[in-house]
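**Q** Whatever this is, show me its structure:
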Amino acid sequence: MNRLLVIQIAALGYEFLRQVEPSMTVAGLRFQPMQTVFPAVTCTVQASFRTAAYACRHGMVANGIFLRELHKPLFWEQSSGLYAGARIWERFRSRGQTVGQLFWQQSLGPDSDLVLSPVPIHKHGGGMIQDCFSRPPELQPYLLEHIGRDFNLMYYWGPLASVKSSRWITEATTVVMQSKWAPDLLLTYLPHLDYELQKSGPDTERGRTAYNELKGLLETLVGSARQNGYDVLAFGDYAMQPVDRAIMPNQLLSEHGLLRLREVRGMLYPDLHTSPAFAMVDHQIAHIICADEKTAETVGALFEGVAGVAEILDGDRAKRYQINHGRSGDRILIAAPNTWFAYPWWHDLRQAPDYAEHVDIHNKPGYDPCELFFGRWFNTSVEPARIKGSHGMITDEPQVVYATDLDLDTEPGSLVELAATVKTLLDEC
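**A** All right, here's what the predicted structure looks like:
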């Protein structure tokens, strides 16, 4: 095996690719179907690929985790210590070979040699200083010199999120592969298809346009990889589902006295220190954190039969989905088709917390795709009805795809099997 470039493509689902590219061949790579992991969200998928394990082992049960000791949810934290388990490249790296990660979540730590990830500085007076964590430190100015512009976080998330983020990452990946720091294993990420499919849905002309932009970037990456002695592995992480309904579990919990709220200057904030239950929502799943088992049973009964809730997982059912971990909710809701979970607990927008109309991924106690739209006064939207695509749930059928020019002995049927196969190849290098 030559050096290896791994390209994770956000929201490249099997059915979507079959519709927009019937040949299933892109940039000379023939894509094959496979199953993803549950929940089918970014951080869980990335942790599963890097460990060849499911959430029940590595502990990234969503894009956020709930720290029971602090009574606090944390979304999009970047420490590599947040997921457990041996990395698939451990033996490979122990022999002196190098590993790089560009824009992968939970990549900040000592387990790779080259890292680039956004770490903006939030200013006390409002606004932020855009910056990236760079290892080695000279990497970021080197990329600026060769690309001609810094990475703009506004294109990575928020109402301005677009193909410009994927385009910059593509250029950076190409520069890295040509540099003196070129790692033997390089993981990179193309996010922009996800943005459009959440905004307009998976079966739209705008989605096809975003795919065509992706296709061009893949051709660039694959061509550059081959010129620089890299094999290529590309895979989709989850399949986007069309949605037309948002369920708000925290509203129901509040109405039944299970989620307690405190009023601050007319705004309602959750009291997670004394609340018997709270829903940490993430796309099409919701982890319900409960004070005790009696409360969990009450919560299960409360959501039984609620329109838009397809399944409620307790301990035994969580094992079936391989999400039985101490960080998981005491009950886990799975959305029905065409449905996703939103975090709000308020009914009157005047009582919404300060962060509701802003891009604030770390303070919001749940994932908020409404941040992809502008709302009133150039703030972000608070209208869940604008979301047309979501993900997280899985089916028995293959949902995503992979393609590679590696010589594989067998065809992996799942993302975890794919990761295990890559680990074997790395171990043999």
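
**Q** Do a quick rundown of the strands in the stretch 1-150 of the chain.
**A** Per DSSP state E, counting those that start in this stretch, the stretch 1-150 of the chain carries strands over the ranges 3-9, 25-26, 29-30, 32-34, 64-67, 72-75, 99-102, 114-118, 121-122, 128-129, 132-135.

**Q** Make CSV from those and add mean neighbour count, mean pLDDT and distance to Arg327 to it.
**A** Where you see a C-beta, it was placed from the backbone N, CA and C, and this is true even at glycine. As requested, the strands of the stretch 1-150 of the chain are arranged in CSV below (neighbours: other C-beta atoms under 10 Å; pLDDT from 0 to 100; distance: least, C-beta to C-beta, whole Å):
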stretch, mean neighbour count, mean pLDDT, distance to Arg327
strand 3-9, 24, 98, 23
strand 25-26, 16, 96, 36
strand 29-30, 16, 97, 35
strand 32-34, 20, 98, 26
strand 64-67, 19, 98, 5
strand 72-75, 18, 97, 11
strand 99-102, 24, 98, 22
strand 114-118, 21, 98, 22
strand 121-122, 10, 87, 26
strand 128-129, 10, 88, 29
strand 132-135, 18, 96, 24
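
**Q** Need those strands in CSV (columns: distance to Glu90).
**A** CSV is the format used below for these (distance: least, C-beta to C-beta, whole Å):
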stretch, distance to Glu90
strand 3-9, 15
strand 25-26, 31
strand 29-30, 27
strand 32-34, 24
strand 64-67, 23
strand 72-75, 26
strand 99-102, 10
strand 114-118, 16
strand 121-122, 32
strand 128-129, 35
strand 132-135, 18
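
**Q** Go through the ones you listed and name the closest to Asn363.
**A** The closest of the strands of the stretch 1-150 of the chain to Asn363 is strand 72-75. By C-beta to C-beta, the value is 8.8 Å.

**Q** so how far is the closest one from its chain's centroid?
**A** Here the centre of strand 72-75 is set off from its chain's centre by 15 Å, with C-alpha atoms, centre = their mean, to the nearest Å.

**Q** Check which helices and strands that strand is in contact with.
**A** The helices and strands touching strand 72-75, judged by 3 or more C-beta pairs under 8 Å, 6 or more residues apart in numbering; DSSP states H and E, are strand 64-67.

**Q** Now do the contacts for Met240.
**A** Ala11, Gly13, Phe16, Asp194, Leu197, Gln198, Gly201, Pro202, Gly389, Ser390, His391 (C-beta atoms under 8 Å, 6 or more residues apart in numbering).

**Q** Sketch out the low-pLDDT regions of the stretch 301-429 of the chain for me.
**A** The model of the stretch 301-429 of the chain has no residue with pLDDT under 70.
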